[in-house]
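Here's a sequence, model it:
(one chain, ligands or ions: 1)
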Amino acid sequence: MKKCLLILLLVWGAVASKAQTVVPDPNRITLVIHGGAGTITRANMSPEKEQAYRTVLNQALQTGYAVLKKGGTSLDAVQATVQVMEDSPLFNAGKGAVFTHEGRNEMDAAIMDGRTLKAGAVAGITVVRNPITAARAVMDQSEHVMLAGRGAEQFAMEKGLTIVEPSYFYTEARHQQLEKALAAEKSAGTPDQLNTPTKTETTPVKKAKTKLKPGKPQSAVPYEDQIFTEGRKYGTVGAVAVDQYGNLAAATSTGGMTNKRYGRIGDAPLIGAGTYADNNACAVSCTGWGEFFIRVTVARDVAARMEYQQVPLTQAAQATIDKVGKLGGDGGLIAVDRQGNITMPFNSEGMYRGYIKANGEAQVLIYKE
Ligand code: ASP
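Numbers count the residues shown, from 1 in each chain. Here you go, the predicted structure:
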């Protein structure tokens with residue numbers, strides 16, 4: 001009798017657990033990417049440059065899609081997608097990362113699994129060829145969420161990730177951007193907002209003639225406005241996806257902002273600011289003026305609006321971007337929910353972005369419309 005009862009219980013358990021199993025649905029796979037937001041207009045884009053961007057963005061989409069299509073996880077898809085953009089010198093991530101004040105490339109990246117809320121991030125790393133692989137290793141192979149600088153690099157080496165000379169990340173265009181920023185800083189006699197000098201600095205710093213008005217560039221004004229109009233192209237890369245099993249994931253990778261110093265870290269590697277994924281809501285990856293995105297905890301804000309206010313994805317994301325705009329910040333985000341709904345709002349002039357749906361329908365967009 002006891003034996004019968006046990007068997008009955010076992011059978012019931014097996015049936016019940018099967019009922020909870022998510023039935024894979026290949027029709028819901030969706031991948032969304034961005035390659036940075038900012039002053040990206042038709043006027044400052046040549047046809048060749050546009051084509052180059054479109055080609056890599058399409059490659060990135062196809063790479064992630066191939067992973068999802070063959071039943072891979074959203075985590076693997078976003079990582080593979082981001083790696084393609086990290087390997088391209090066109091974007092401010094991996095090869096092509098912007099330069100710090102000291103002329104180095106210090107990179108940040110994060111990845112998050114919406115199913116388990118596990119996350120991994122690295123900040124200020126200089127020798128890992130694909131920073132997103134380091135973020136993934138932190139998530140999968142350590143008990144931590146975020147590692148920075150030397151320690152993160154040592155961890156990456158121990159985990160056997162591909163290590164390169166810092167010179168691998170050098171690109172002429174990014175170096176020129178730094179030189180321009182340094183020259184502007186020198187002529188204005190003031191560092192930018194990120195680089196406010198400390199009392200210990202010996203060089204006397206003259207006061208800026210004009211006060212910075214975030215988001216409102218003026219002419220003949222000092223360094224801040226020059227860098228944030230001319231240079232306000234945030235080339236961070238990111239990807240969000242939903243896989244066959246309805247699991248969400250997000251990944252973001254960046255070199256940060258040109259001329260950053262003092263170990264400045266932006267929003268990209270901060271879980272909840274530039275990167276977030278939660279199966280209860282959505283997956284989000286951001287690009288823009290990191291300081292504002294940190295203060296608004298943009299990625300988590302979108303998810304929280306969905307979770308607590310029960311508002312749809314598009315509405316939640318737009319409300320959060322509006323909040324960034326009100327503070328004077330600019331940029332954008334990409335997001336996807338479990339049903340494969342997507343949104344890509346931004347308040348800058350353009351954002352490299354694209355998506356691919358289950359049927360293979362892909363689109364790459366750059367400008368406002
Ligand atoms: N959000 C990045 C940062 O502030 C910059 C970017 O989006 O390109 O570091």
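
Around the ligand, which positions in the protein sit nearby?
Within the chain, the positions near the ligand by Cβ under 6 Å from any ligand atom are 36, 92, 234-236, 254, 256-257, 266-268, 274, 287-288, 290, 293. C-betas here are computed from N, CA, C, even on glycine.

how does it look with 5 Å?
36, 234, 236, 254, 256, 266, 287, 290 (Cβ under 5 Å from any ligand atom).

dump the residue contacts of the last one.
Applying Cβ atoms under 8 Å, 6 or more residues apart in numbering, we find residue 290 in contact with 256-257, 265-268, 273-274.

quick one: the closest residue in space to residue 52 that isn't next to it in sequence from the ligand, how far?
Take residue 52 and drop its neighbours on the chain: the residue closest to it by Cβ to Cβ, 6 or more residues apart in numbering is residue 90, 6.2 Å away. Residue 90 sits 13 Å away from the ligand, going by Cβ to the nearest ligand atom, to the nearest Å.

cool, residue 112 as well?
16 Å.

Helix or strand: which one has that residue?
In the assignment (DSSP states H and E), residue 112 maps to strand 107-113.

What pairs with that strand, parallel or antiparallel?
Sheet pairing of strand 107-113 (DSSP bridges) gives strand 118-125 (antiparallel), strand 248-254 (antiparallel).

Any chance of JSON lines for these, columns mean neighbour count and distance to residue 306?
Formatted as JSON lines, those follow (neighbours: other Cβ atoms under 10 Å; distance: least, Cβ to Cβ, whole Å):
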{"stretch": "strand 118-125", "mean neighbour count": "24", "distance to residue 306": "18"}
{"stretch": "strand 248-254", "mean neighbour count": "33", "distance to residue 306": "12"}
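
Out of the ones you listed, which is closest to residue 80?
strand 248-254 (9.4 Å; Cβ to Cβ).

Roughly how far does the most centrally placed residue in the chain sit from residue 49?
Centroid check for the chain by Cα atoms, centre = their mean gives residue 252 as the closest residue, at 2.8 Å. Using Cβ to Cβ, to the nearest Å, we find residue 252 at a distance of 23 Å from residue 49.

contacting residues for whichever residue of the stretch 51-200 of the chain sits closest to the ligand?
When scored by Cβ to the nearest ligand atom, the stretch 51-200 of the chain has residue 92 as its residue closest to the ligand, at 5.1 Å. The contact partners of residue 92, by Cβ under 8 Å, 6+ apart, come to 36, 98, 174, 234-237, 254-256.

could I get those as CSV with secondary structure?
Shown next, in CSV, are the contacts of residue 92 (DSSP: H, G, I helix; E, B strand; the rest coil):
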residue, secondary structure
36, strand
98, coil
174, helix
234, strand
235, coil
236, coil
237, strand
254, strand
255, coil
256, coil
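
Could you find the lowest-pLDDT member of the residues you listed?
Ranked by pLDDT, the contacts of residue 92 bottom out at residue 234 (83).

Please look at that one and residue 286 and confirm they touch.
No. Judged on Cβ atoms under 8 Å, residue 234 makes no contact with residue 286 at a distance of 9.3 Å.

so what sits against both of those two?
Joint contacts of residue 234 and residue 286 (Cβ under 8 Å, 6+ apart) are residue 331.

who's more crowded, the two?
More crowded of residue 234 and residue 286, by other Cβ atoms under 10 Å: residue 286, with 37 against 33.

For that one, list each beta-bridge partner.
Applying DSSP bridges to residue 286, the residues it is bridged with are residue 333.

my guess is it meets residue 252, correct?
Yes. Assessed by Cβ under 8 Å, residue 286 is found in contact with residue 252 at 6.8 Å.

Show me which helix runs longest in the chain.
helix 47-69 (DSSP state H).

how many other residues sit next to the closest residue to residue 249 other than its chain neighbours?
Using Cβ to Cβ, 6+ apart and skipping the chain neighbours, the partner closest in space to residue 249 is residue 74 (3.8 Å). Each residue near residue 74 was counted by other Cβ under 10 Å, and the total is 33.

Am I right that residue 74 is in contact with residue 65?
No. If you go by Cβ under 8 Å, residue 74 and residue 65 don't touch, sitting 11.6 Å apart.
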